[in-house]
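In: sequence unavailable; structure follows:
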Ligand SMILES: [Zn+2]
């Protein structure tokens, strides 16, 4: 439950601006032949006073890109997104397999290629053992000849050793030897996943984050919940069913039998989907926090021998004072009822099917092709090249070591320090904002201040441990991966990570869990973790959004500054505010101030509910936290930049854009982070399910709430980008 800058939308592209900013003699701006709006004429006269602009390599590149993306025929006071991104949208052509192209998605692609290069390089004799293991694993994943030669034999043997897949064993399957609990335990020992009926994880207790708790959550399903609940006749579910049958036949099942038995297995999975709580409720911290001890858990759900089950699975004795947090009481009541009426054979068919489905990407080309066909029919995804499948698999299983390789290879040593400097600037602005805030009482304000001061930013860019050979070697000490067989490697790695997770139960909670935070280093994103009260901004994002000293700082504050501000604001959005300075779920809001917050958030809900795309409304409630954070982040970054200018003086303008003031460039540059073109289906998918608003409205919504924006562009009051009613919070 971590808020991120980009989640579903992998969007946004940027430019690599590396250059030496030089203050060059003034050149009078060329009169722009396009629409000469009044705001633009005003800019020109101001410009002549500044007398400077930057012609360095980086400045020229960044200017060219901004100019290419914008549509200067649009009035920025009418639609700033179109003004900043109009030509990007017009000139971007989505390729056959491309669902979305934007500033961020183009960077994400670049980072993906970097990850590929890392894992694909020849092994060096003197490199660290974890790095060698990654390369061996990737190599074995790419060795399709060997995969074909190995075939399905070892996997079938493994299924047999686990009691057998009933539909393969036919009449020979022995029901008396099966319980789902024993099976999950054997699955864990074997290195299979164990989240098919319920999920168990070790997590800090939401209300006392110094202590680790056992978190019991609903199952992960083989197809999205929203499809499964529609029932067997629903198109996606029907395709899933056919896919199951086809795979089992390749494993040697009789088609007739597979059709019958997998129908029951699917019905069971549909029932699991029906008792699951929907995603919007699953992210409600208060609703999913149901702590209890083992005795209470046993009383609440008596048909499952919890102590015995958990002792075995976690491989440690569950004590009375261990905290067990149940995410959904309804789910576990439903699960008890469902298990009691479902024959063991159906349960076993379902669990074995899920473990087979999870293995397909490591098995023969024929199986992978069937899976691909299914995914194309249901999700419209085109064939993923094998290298990508393998690189993704390496990253999924080896993310800490890959993070370490990535930092060593691609990250400039100044990146982290530069980022920390900006974090401090933004944090100062947040303090100022709290002090000048008029709607908070003093006590709540003080708690907010304490919380802001304690926001951890140590792992900005990357945890330092990633550069520590000893720590990395010792973390992977018990793992064995070779190039013999990709599936065995995957099992070893899965077991390794499950064991690591479960070992955290008796250890003190470490706020700075470098292993946890290192996993995202080579991913384009930024995060706020309410439980750690910490922000994380990945090294790859910093690197790619540019940390050059050679471009004007308005380019840096607008992109990186506003994203850091966004993450800090998440600590005080509608969800983040429910956690205190130590990351505990606790109410630190005085009643009156709380009411005012709720009033203010209503304004945001209404504002975004009113935006439509192709006649379909956005969901202001779903996107509330992100919208609050977008606006907060922008405001903080803008103010921080203004402070920077006070100390360092006015900055040069960019060639070809010399009519725009540095302040205007700040807005233009921020909007560019969001330039994005999506295909219609993806756009509506994001509109319905993504916690972030669509890119267009991330710009229009937050910019139009900010007076600084309309002042800088001299937007008349009442214009689209300067509405009379503005939503204000932080
Ligand atoms: Zn966010």
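Out: Received it, and whenever you're ready, just let me know what you need. Since this is a predicted model, take the numbers as computed values, not measurements.
In: buried set for the helix or strand hosting residue 647?
Out: Using DSSP states H and E, residue 647 sits in helix 624-648. Across helix 624-648, burial judged by 16 or more other Cβ atoms under 10 Å covers 624-641, 644-645. (Glycine included, C-beta is placed from N, CA and C.)
In: tell me which residues in the host helix or strand of residue 542 are buried?
Out: Assigned by DSSP H and E, residue 542 falls within helix 539-544. For helix 539-544, the buried set under the neighbour-count rule, 16+ other Cβ under 10 Å, comprises 539, 540, 541, 542, 543, 544.
In: list the contacts for the second one?
Out: When you say that, I think you mean residue 540. Counting by Cβ atoms under 8 Å, 6 or more residues apart in numbering, residue 540 touches 111, 114, 406, 410, 411, 521, 522, 523, 524.
In: do the same with the fourth one
Out: Neighbour list for residue 542: 411, 415, 416, 418, 419, 460, 461, 560 [criterion: Cβ under 8 Å, 6+ apart].
In: the first one and residue 179, how far apart?
Out: Read that as residue 411. According to Cβ to Cβ, to the nearest Å, residue 411 and residue 179 sit 49 Å apart.
In: do the same with the second one
Out: As defined by Cβ to Cβ, residue 415 lies at a distance of 52 Å from residue 179.
In: residues in contact with the strand or helix carrying residue 146?
Out: Using DSSP H and E, residue 146 falls within helix 144-150. Helix 144-150 is contacted by residues 140, 362, 363, 364, 365, 386, 485, 486, 487 when judged by Cβ under 8 Å, 6+ apart.
In: identify each buried residue in it, please.
Out: Buried-residue list, helix 144-150, by 16+ other Cβ under 10 Å: 147, 150.
In: same deal with stretch 473-486?
Out: Neighbour-count burial for stretch 473-486, counted by 16+ other Cβ under 10 Å, picks out 475, 476, 479, 481, 483, 485, 486.
In: and residue 655, that's in a strand?
Out: No: assignment of residue 655 by DSSP: H, G, I helix; E, B strand; the rest coil gives coil, placing it outside any strand.
In: just checking, it touches residue 59?
Out: Yes: Residue 655 lies in contact with residue 59 (Cβ atoms under 8 Å); the separation is 6.8 Å.
In: longest single strand anywhere in this protein?
Out: Ranked by residue count under DSSP state E, the longest strand found in the chain is strand 208-218.
In: quick one: distance of that one to the chain centre.
Out: 21 Å (Cα atoms, centre = their mean, to the nearest Å).
In: so for the helix or strand following that strand, what gets flagged as buried?
Out: Remark: after strand 208-218, the chain's next helix or strand is helix 225-228, criterion DSSP H and E. Of all the residues in helix 225-228, those buried under the rule 16+ other Cβ under 10 Å are 225, 227, 228.
In: check stretch 696-710 too.
Out: Counting neighbours by 16+ other Cβ under 10 Å, stretch 696-710 gives 696-706, 708-710 as buried.
In: stretch 418-426 too?
Out: Neighbour-count burial for stretch 418-426 [16+ other Cβ under 10 Å]: 418, 419, 420, 422, 423, 425, 426.
In: quick one: contacts of that stretch?
Out: Residues from elsewhere that reach stretch 418-426, judged by Cβ under 8 Å, 6+ apart: 457, 460-461, 535, 537, 542, 547, 556-557, 560-561, 564-565, 568, 636-637, 640, 643-644.
In: as CSV, the buried residues of stretch 473-486 with pLDDT would be great.
Out: Below are the buried residues of stretch 473-486 laid out as CSV (pLDDT from 0 to 100):
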residue, pLDDT
475, 94
476, 95
479, 93
481, 90
483, 81
485, 88
486, 92
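In: of these, which pair is most distant in space?
Out: Pairwise distances across these peak at 23.6 Å for 475 and 485 (criterion: Cβ to Cβ).
In: which ones are touching residue 211?
Out: By Cβ under 8 Å, 6+ apart, residue 211 lies in contact with 204, 205, 323, 509.
In: how near is it to the ion?
Out: Separation of residue 211 from the ion (Cβ to the ion, to the nearest Å): 28 Å.
In: picking up where we left off before, neighbour-wise, which of residue 411 and residue 179 wins?
Out: Higher neighbour count among residue 411 and residue 179: residue 411, with 21 against 15, using other Cβ atoms under 10 Å.
In: could you pull up phi and psi at the more buried one?
Out: Main-chain torsions, residue 411, degrees, to the nearest 10: phi -100, psi 120.
In: quick check: the gap between the closest residue to it other than its chain neighbours and the ion.
Out: Of all residues not flanking residue 411 in the chain, residue 539 sits nearest, at 4.7 Å (Cβ to Cβ, 6 or more residues apart in numbering). In this view, residue 539 and the ion are 18 Å apart by Cβ to the ion.
In: ok, residue 539 - contacts?
Out: Contact analysis of residue 539 by Cβ under 8 Å, 6+ apart lists 406, 407, 410, 411, 415, 416, 461, 462, 521, 522.
In: for the host helix or strand of residue 296, name the packing helices and strands.
Out: Using DSSP H and E, residue 296 maps to helix 294-300. Judged by 3 or more Cβ pairs under 8 Å, 6 or more residues apart in numbering; DSSP states H and E, helix 294-300 is in contact with helix 306-314, strand 324-326.
In: quick check: buried residues in that helix?
Out: Quick answer for helix 294-300 (16+ other Cβ under 10 Å): 294, 297, 300.
In: pretty sure the first one is touching residue 318, no?
Out: Yes: the pair residue 294 / residue 318 is scored as a contact, 5.2 Å apart, by Cβ under 8 Å.
In: the contacts of stretch 418-426 also near the ion: which ones?
Out: Filtering those for neighbours of the ion using Cβ under 5 Å from the ion leaves an empty set.
In: any idea how far residue 726 is from residue 716?
Out: Relative to residue 726, residue 716 is positioned 14 Å away (Cβ to Cβ).
In: what about the two, which has more around it?
Out: A count of neighbours by other Cβ under 10 Å puts residue 726 above the other of residue 716 and residue 726, at 14 against 11.
In: spatially nearest residue to the more buried one (excluding sequence neighbours)?
Out: residue 705 (4.7 Å).
In: what's the local residue count around the nearest residue to residue 60 once chain neighbours are set aside?
Out: Closest residue to residue 60 apart from its sequence neighbours, by Cβ to Cβ, 6+ apart: residue 655 at 6.0 Å. When neighbours are counted by other Cβ under 10 Å, residue 655 registers 20.
In: same thing with the one 10 residues further on?
Out: Here the neighbour count serves as a burial measure; for residue 665 (other Cβ under 10 Å) it reads 22.
In: next one: the one 5 residues further on
Out: Here the neighbour count serves as a burial measure; for residue 670 (other Cβ under 10 Å) it reads 29.
In: now swap in residue 557 and tell me
Out: Residue 557 has 28 neighbours, counted by other Cβ under 10 Å.
In: for it, give me its contacts.
Out: Counting by Cβ under 8 Å, 6+ apart, the residues that residue 557 touches are 422, 637, 638, 640, 641, 644, 666.
In: try residue 687
Out: With Cβ under 8 Å, 6+ apart, residue 687 has these contacts: 613, 616, 618, 619, 694.
In: so the fourth one touches residue 610, yeah?
Out: Translated: residue 619. No: with contact defined as Cβ under 8 Å, residue 619 does not count as touching residue 610 (11.4 Å).
In: so between these two, which is more surrounded?
Out: Between residue 619 and residue 610, counting by other Cβ under 10 Å, residue 619 is the more crowded of the two (19 against 11).
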